[in-house]
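Engineer: coords please:
(one chain, ligands or ions: 2)
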Amino acid sequence: MISVERALESLLSLVGRLPSETVSLRAAAGRALAGPLKAVHDQPPFAASAMDGYAIARDVQPGDTDRVIGESAAGHPFDGTITADSGAVRIFTGAPVPAGATRVILQENISRVEDRITYTEASGTATHVRPAGGDFTAGEPHDPKRPLGSRDIALIAAMGHGAVPVVRKPLVAILMTGDELRAPGERLHPGQITASNGYGLAAMFDAAGAETRVLPIAQDTAESLGQAFRLAEGADLLITIGGASVGDHDLIAPTAGKAGLDLAFHKVAMRPGKPLLAGKINGLVLVGLPGNPVSAIACGTIFILPMLRKMLGLPIGTPTEQHRLAAAVSENGPRQHYMRAQLTASGMIVADRQDSSLLSVLAKATHLVIRPPHDPARNMGDVVTTIALPP
Ligand SMILES: Nc1nc2c(c(=O)[nH]1)N[C@H]1C(S)=C(S)[C@@H](COP(=O)(O)OP(=O)(O)OC[C@H]3O[C@@H](n4cnc5c(N)ncnc54)[C@H](O)[C@@H]3O)O[C@H]1N2
Ligand code: MOO
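Structural biologist: Ligands and ions are numbered 1, 2, ... in the order given. I've put the predicted structure just below:
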């Protein structure tokens, strides 16, 4: 059995960054930028008024007056320059501030009779002018190093990009295996269970920027698995679930072996996830996850997400967080344990039941508490290293 660190290293060495492509701005959400994107122009492109009011080129006191000599509205700039004694320009929020103007007086702070305004307040310190380039300047880069979210899309639009260079989505095929499995919604006959973890993993991978295909459930036969491997051709990653262990019906390793699997490793000193295996089969990267639902989803979090991030050119490492235990935990065994836990106001509560079949416990968990091999018993208040579970 190899360590989690060695397994991760080995898995990462099986994949590389994918090529780039250009997509429309509307299709860019969730995608990884191909590189830093530069602003085409300043934002705002001109000094703009932050308020509805009057643009002037001087400080004023209550009782001072001005004549209104023109108007600047959004999309319709005032064509001319103003000076301290030229008069005021009527202006609206977002409109270009006329050349020469030093400030905008709010319309609430004047009284107006025809084209003459009288100031009712001193001008004060606020200019109510947004300077050109005050948000960002032409050439300024944006490179969020995460799948693009709604705020990135708004910024990229404002930067002047209608099309966005992104990294091609990793194509992931998920293959759930087992004679006992039925699709969600199908009636269960004796001995059958509902397949679940593959759907959770597909949601996790898609949210991370992949395009995931869930293949038809395969039976525990060499023929069925062989057929499924062929269906996965063209994918960047084939993730099998189940049949990874040592039972008579655990056929992933032997079947993939016969189909030419170049095995990188089989079995990792971790809990859950021990039977994990990986390698390349005719150029296709295969990762065999254990069938237990929590094992599969924990391995997806710990191993597959970093692989996807490498393929997308994103920072690979999984961030860790330190938290205090809300209650004591007993000593750990020889495998690195990823314990399901919930972060609460009083600290991290490690779930009592850690069996790897318990999806209800996993769904309530917020974190995995990492217990190194042979970690001694820990007390309430001790600091432990955790990783936040993905949404
Ligand atoms: N003698 C040993 N037995 C087992 C060992 C071992 O080292 N020696 N390892 C155990 C560990 S740890 C795990 S984890 C499991 C995983 O084994 P497999 O990858 O072969 O998984 P299966 O046997 O196919 O399934 C295990 C369990 O999970 C259910 N399952 C499978 N697929 C799905 C799915 N897509 N959705 C929901 N549930 C699924 C399956 O019905 C089983 O109940 O092996 C231990 N045994
Ligand atoms: O270690 Mo197995 O991966 O669930 O219990």
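Engineer: and stretch 330-337, is it in reach of ligand 1?
Structural biologist: No. Stretch 330-337 does not reach ligand 1 (C-beta under 6 Å from any ligand atom); its nearest approach is 8.9 Å. C-beta here means a position set from N, CA and C on the backbone, and glycine is covered the same way.
Engineer: just the residues contacting that stretch, thanks.
Structural biologist: 1, 3-4, 269-271, 274, 354, 370-377 (C-beta atoms under 8 Å, 6 or more residues apart in numbering).
Engineer: what of stretch 111-120?
Structural biologist: 54, 60-68, 88, 105, 109-110.
Engineer: from these, pick the one nearest residue 328.
Structural biologist: For those, the closest approach to residue 328 (C-beta to C-beta) belongs to residue 109, at 64.3 Å.
Engineer: mind listing what residue 66 touches?
Structural biologist: Counting by C-beta under 8 Å, 6+ apart, residue 66 touches 54, 56, 60, 87-88, 116-117, 119.
Engineer: which non-adjacent residue is nearest it?
Structural biologist: Spatially, and ignoring its direct neighbours in sequence, residue 66 is nearest to residue 88 (4.2 Å; C-beta to C-beta, 6 or more residues apart in numbering).
Engineer: same deal with residue 390?
Structural biologist: In space, residue 390 comes closest to residue 204 once its chain neighbours are excluded; the distance is 5.7 Å by C-beta to C-beta, 6+ apart.
Engineer: quick one: the strand or helix carrying that neighbour to chain centroid distance?
Structural biologist: Take DSSP states H and E as the rule and residue 204 turns out to sit in helix 197-207. On the basis of C-alpha atoms, centre = their mean, to the nearest Å, helix 197-207 is displaced by 14 Å from the centre of the chain it belongs to.
Engineer: kindly report the same for stretch 26-35.
Structural biologist: 11 Å.
Engineer: before we move on, what about stretch 251-265?
Structural biologist: Per C-alpha atoms, centre = their mean, the displacement of stretch 251-265 from the mean C-alpha position of its chain is 33 Å.
Engineer: check whether that stretch contacts ligand 1.
Structural biologist: No. Counting by C-beta under 6 Å from any ligand atom, ligand 1 has no neighbours in stretch 251-265; the shortest distance is 7.5 Å.
Engineer: straight-line length of that stretch, end to end?
Structural biologist: 16 Å (C-alpha to C-alpha, to the nearest Å).
Engineer: give the buried residues for that stretch.
Structural biologist: By neighbour count on 16 or more other C-beta atoms under 10 Å, the buried set for stretch 251-265 is 251-253, 255-256, 259, 261, 264.
Engineer: pLDDT of it, averaged?
Structural biologist: Here stretch 251-265 scores 93 as its mean pLDDT.
Engineer: hmm, who's touching that stretch?
Structural biologist: 2, 6-7, 10-11, 13-14, 177, 220-222, 225-226, 229, 240, 242-244, 266, 276-282, 286, 288.
Engineer: can it be said to contact ligand 2?
Structural biologist: No. Stretch 251-265 stays clear of ligand 2 (C-beta under 6 Å from any ligand atom), getting no nearer than 13.9 Å.
Engineer: is the helix or strand hosting residue 287 anywhere near ligand 2?
Structural biologist: Following DSSP H and E, one finds residue 287 within strand 284-289. No. Using C-beta under 6 Å from any ligand atom, strand 284-289 never reaches ligand 2; the gap is at least 8.8 Å.
Engineer: what does that strand contact?
Structural biologist: Residues contacting strand 284-289 (C-beta under 8 Å, 6+ apart): 11, 14-15, 197, 201, 229, 232-233, 235-244, 252-253, 256, 261, 266, 273, 275-280, 295-296, 299-300, 303-304, 307.
Engineer: which pLDDT value goes with whatever residue of the stretch 1-150 of the chain ends up closest to ligand 1?
Structural biologist: At 9.7 Å from ligand 1, residue 1 is the closest residue in the stretch 1-150 of the chain, using C-beta to the nearest ligand atom. Looking at residue 1, its pLDDT stands at 93.
Engineer: for residue 86, same thing?
Structural biologist: Predicted confidence (pLDDT) for residue 86: 97.
Engineer: what about the closest residue to it other than its chain neighbours, how many residues close to it?
Structural biologist: The shortest distance from residue 86 to any non-neighbouring residue, by C-beta to C-beta, 6+ apart, is to residue 69 (6.4 Å). Around residue 69 there are 15 other residues, counting by other C-beta atoms under 10 Å.
Engineer: tell me the SS of residue 69?
Structural biologist: The three-state label given to residue 69 by DSSP: H, G, I helix; E, B strand; the rest coil is strand.
Engineer: quick one: contacts for it?
Structural biologist: Shown in contact with residue 69 (C-beta under 8 Å, 6+ apart): 82, 86-89.
Engineer: quick one: it and residue 78, what's the gap?
Structural biologist: Residue 69 sits 9 Å away from residue 78, going by C-beta to C-beta, to the nearest Å.
Engineer: then residue 322?
Structural biologist: Taking C-beta to C-beta, one finds residue 322 at 57 Å from residue 78.
Engineer: what do you get for residue 97?
Structural biologist: To residue 78, residue 97 is 9 Å away according to C-beta to C-beta.
Engineer: compare those two (neighbour count), which wins?
Structural biologist: Each of residue 97 and residue 78 has its neighbours counted (other C-beta under 10 Å); residue 97 has more, 28 against 21.
Engineer: what separates the more buried one from ligand 2, distance-wise?
Structural biologist: Here residue 97 is placed at a distance of 64 Å from ligand 2 (C-beta to the nearest ligand atom, to the nearest Å).
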